[in-house]
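*Asks:* sequence-free structure coming up:
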């Protein structure tokens, strides 16, 4: 996610510096270092990895949601079809909306921990080492 706000200036922060477990203060990267990392190929690869996962999945979920809404509005007979007892197609598809939401959240967490977090941690550790 891009913002118009510049990264924090190194050494101008008046808040207490974060500490590591051994209670030493950590140095803050400068604006130039943030910009350099943002323009790096490694950061671009991280963004591409995120976007190649998030955008298609978001589009697919929105299409699935809109299908449900359109079927609810224009295919009342189909949505009212009883499957068993008082359970109809609309209820099953509505519950499937919740199920897919949780499935996508789980899948994203899995993807992030396997593909995004290692790349982000490498960038972060390199920035902290250079600061």
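*Replies:* That came through fine. Owing to the predicted nature of the structure, the values given are computational and were not obtained by experimental measurement.
*Asks:* And the next helix or strand past whichever strand or helix holds residue 49?
*Replies:* Assessed by DSSP states H and E, residue 49 sits inside helix 41-74. Next helix or strand after helix 41-74 toward the C-terminus (DSSP H and E): helix 76-79.
*Asks:* what helices or strands is that following helix leaning on?
*Replies:* Judged by 3 or more C-beta pairs under 8 Å, 6 or more residues apart in numbering; DSSP states H and E, helix 76-79 is in contact with helix 41-74, helix 89-111. Where C-beta positions appear, they are placed from N, C-alpha and C, glycine not excepted.
*Asks:* before we move on, back to that, buried residues, the helix holding residue 49. List them.
*Replies:* Judged by neighbour count using 16 or more other C-beta atoms under 10 Å, the buried positions of helix 41-74 are 46, 49, 50, 53, 68.
*Asks:* my hunch is that residue 117 is in a helix, does that hold up?
*Replies:* Yes - membership of residue 117 in a helix is supported by DSSP: H, G, I helix; E, B strand; the rest coil.
*Asks:* State the pLDDT value of it.
*Replies:* Predicted confidence (pLDDT) for residue 117: 94.
*Asks:* what's the burial count for it?
*Replies:* 14 (other C-beta atoms under 10 Å).
*Asks:* cool, residue 29 as well?
*Replies:* So residue 29, with other C-beta under 10 Å, has 21 neighbours.
*Asks:* Let me know the secondary structure of it.
*Replies:* Per three-state DSSP, residue 29 ends up coil.
*Asks:* Quick check: it touching residue 130?
*Replies:* Yes - applying C-beta atoms under 8 Å, one finds residue 29 in contact with residue 130, separated by 7.0 Å.
*Asks:* how about the buried residues of helix 41-74 in JSON lines, adding pLDDT?
*Replies:* Output for the buried residues of helix 41-74, formatted as JSON lines (pLDDT from 0 to 100):
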{"residue": "46", "pLDDT": "93"}
{"residue": "49", "pLDDT": "94"}
{"residue": "50", "pLDDT": "95"}
{"residue": "53", "pLDDT": "95"}
{"residue": "68", "pLDDT": "96"}
